[in-house]
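Q: Coordinates for the following, if possible.
(one chain, ligands or ions: 1)
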Amino acid sequence: MGIKGAFKRSQVVVVTGASAGIGRATAQLLAQRGARLGLLARGETGLEGAAADVRAAGGEALAITTDVSDYDAVEQAAQRVEERFGPIDAWINVAFSSVFAPFAEIKPEEFRRVTEITYLGFVYGTMVALKRMRPRNSGVIVQVGSALGDRAIPLQSAYCGAKHAVNGFTESLRTELMHEKSKVRVTVVQMPAVNTPQFSWVLSRLDKHPQPVPPIYQPEVAARGVLHALDHPRRKQYWVGASTVGTIAGQRLVPALLDRYLARTGYDSQQTDQKVRSGQPANLWEPLDGPGGDDYGAHGVFDDQSHAHSAQFWLTRHRRSLLGAGVLASALAIYDWGRRRLQR
Ligand SMILES: NC(=O)c1ccc[n+]([C@@H]2O[C@H](COP(=O)([O-])OP(=O)(O)OC[C@H]3O[C@@H](n4cnc5c(N)ncnc54)[C@H](OP(=O)(O)O)[C@@H]3O)[C@@H](O)[C@H]2O)c1
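A: Residues are numbered from 1 along each chain as shown. Got it, this is the predicted structure:
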């Protein structure tokens, strides 16, 4: 069975961080093709909203309140998903948290907490997925990565460190799977700036409201990237958005120049003009979408500035057909040229 063929309509997929943002949008898209979904996050209100979205879109949902920094909880969640839906076909690691602050203003326990959620949460999800997929020699793990996992920026040291670490352990695992000729696939989707609730609920010590560095894309653009990777998981990495391509390519070509550029622009580009009170509630230790909390949904507060499509990723998704069409057009042109010459 080919990888693509494995993803039949009723695929069983676990999405971590499914209650909001990119995870929520990904669950909705998967539901539209009839997937049976294990939805993991901490906040019950957000998870209930995500499960309702999934059912309305035609999928099945099992919402499991889980803190991904707790290995046993993640393992138990995987067990519950398989008891309910059968073998897990795919596991998508999305859950994360962060602190927006200069490194010198982040407390050691905060740095550890971000690392435990944003790095170890991905490690634990990958471990429990592989434990099931390796003996079956089948399955796909998708890591939702970031351009900031290649190129770090100021005010997000804990996050950038964790995202770099996700790339590191995934690359190591990928070579191990290749070594043992496993059919289990692992791939990373490096995302651009996305309009999600994170900029309203992540712990921030900035004076002004945090914002994603433009250009900003809607979470559905990111979700389409995740689904494409899920269906074509042989590739090591996908880059979503022209800004991701520019950032990663720039880092490979002129990293020191980027250091100077980001030192100059990176503080302002990550904040709006809107002043915020210090001590705003944040989701680092506890969810803000728990019982009695709000359902934040997939979108953040930057709808009016966000792109609903990425031409760059459209080209990535259709590159085979475009190449095919190009080859066909060239062949026809050559044939036509040859025919004309013979007629002379
Ligand atoms: N938005 C962007 O600009 C952007 C850019 C590049 C990459 N990404 C990547 O995309 C992914 C999602 O980002 P996002 O912006 O969609 O985030 P988001 O809107 O803040 O949503 C984060 C999700 O993770 C869950 N979560 C947080 N801590 C958790 C924990 N300890 N255990 C389980 N679940 C937890 C949240 O729910 P609870 O709080 O209820 O648990 C929520 O469902 C991340 O991996 C991020 O690195 C985002």
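
Q: OK, contacts around the closest residue to the ligand within the chain?
A: Relative to the ligand, the nearest point of the chain is Gly21 (2.1 Å; CB to the nearest ligand atom). Where C-beta positions appear, they are placed from N, C-alpha and C, glycine not excepted. Residues counted as contacts of Gly21 (CB atoms under 8 Å, 6 or more residues apart in numbering) are 94, 194, 196-198, 219, 296, 298, 300.

Q: Near the ligand, which residues of the protein are found?
A: Counting by CB under 6 Å from any ligand atom, the residues of the chain lying close to the ligand are 16-23, 41-43, 46, 66-69, 94-97, 117, 144, 146, 163, 191, 193-194, 196-198, 212, 283, 287, 289.

Q: Can I have the buried ones of the residues you listed as a ChimeraX selection?
A: In ChimeraX, a selection of the buried entries from the residues of the chain next to the ligand looks like this (16 or more other CB atoms under 10 Å):
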select :16,17,18,19,20,21,22,23,41,42,43,46,66,67,68,69,94,95,96,97,117,144,146,163,191,193,194,196,197,198,212,283,287,289
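
Q: Among the residues of the chain next to the ligand, which are located in strands?
A: 16, 41, 144, 146, 191, 193-194 (DSSP state E).

Q: Out of the residues you listed, which is nearest to Leu227?
A: Val144 (11.8 Å; CB to CB).

Q: wait, the closest one sits on Ala95?
A: No - the pair Val144 / Ala95 is not scored as a contact, 9.0 Å apart, by CB atoms under 8 Å.

Q: Between the two, which contacts overlap?
A: When CB under 8 Å, 6+ apart defines a contact, the residues bordering Val144 and Ala95 alike are 17, 23.

Q: all strands of the stretch 51-200 of the chain, in order?
A: 60-65, 90-93, 99-100, 140-146, 185-191, 193-194 (DSSP state E, counting those that start in this stretch).

Q: Can I get those strands in a markdown table including mean pLDDT?
A: Converted to a markdown table, those look like this (pLDDT from 0 to 100):
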| stretch | mean pLDDT |
| --- | --- |
| strand 60-65 | 98 |
| strand 90-93 | 99 |
| strand 99-100 | 98 |
| strand 140-146 | 98 |
| strand 185-191 | 98 |
| strand 193-194 | 98 |
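
Q: Output the lowest mean pLDDT helix or strand found in the chain.
A: helix 3-6 (a mean of 45; mean pLDDT, DSSP states H and E).

Q: could you pull out the helices for the stretch 101-250 of the chain?
A: Assigned by DSSP state H, counting those that start in this stretch, the helices in the stretch 101-250 of the chain fall at 108-114, 121-136, 157-179, 198-201, 219-231, 242-253.

Q: In CSV, list those along with mean pLDDT and distance to Asp53.
A: Shown next, in CSV, are the helices of the stretch 101-250 of the chain (pLDDT from 0 to 100; distance: least, CB to CB, whole Å):
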stretch, mean pLDDT, distance to Asp53
helix 108-114, 98, 27
helix 121-136, 99, 21
helix 157-179, 98, 26
helix 198-201, 98, 18
helix 219-231, 98, 12
helix 242-253, 97, 26
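
Q: who's Val142 bridged to?
A: Ile92, Thr187 (DSSP bridges).

Q: Hmm, it is touching Leu230, no?
A: Yes - contact status for Val142 versus Leu230: in contact at 5.5 Å, counting by CB under 8 Å.

Q: what sits in contact with each of these two?
A: Common neighbours of Val142 and Leu230 (CB under 8 Å, 6+ apart) are 90, 92.

Q: ok, now which ones touch Ile88?
A: By CB under 8 Å, 6+ apart, the contact list for Ile88 reads 12-14, 38, 78, 81-82, 129, 132-133, 139.

Q: backbone phi and psi for it, please?
A: Main-chain dihedrals, Ile88, degrees, to the nearest 10: phi -80, psi 120.

Q: Ok, Val202 next?
A: Note on Val202: its backbone torsions stand at phi -70, psi 140 [degrees, to the nearest 10].
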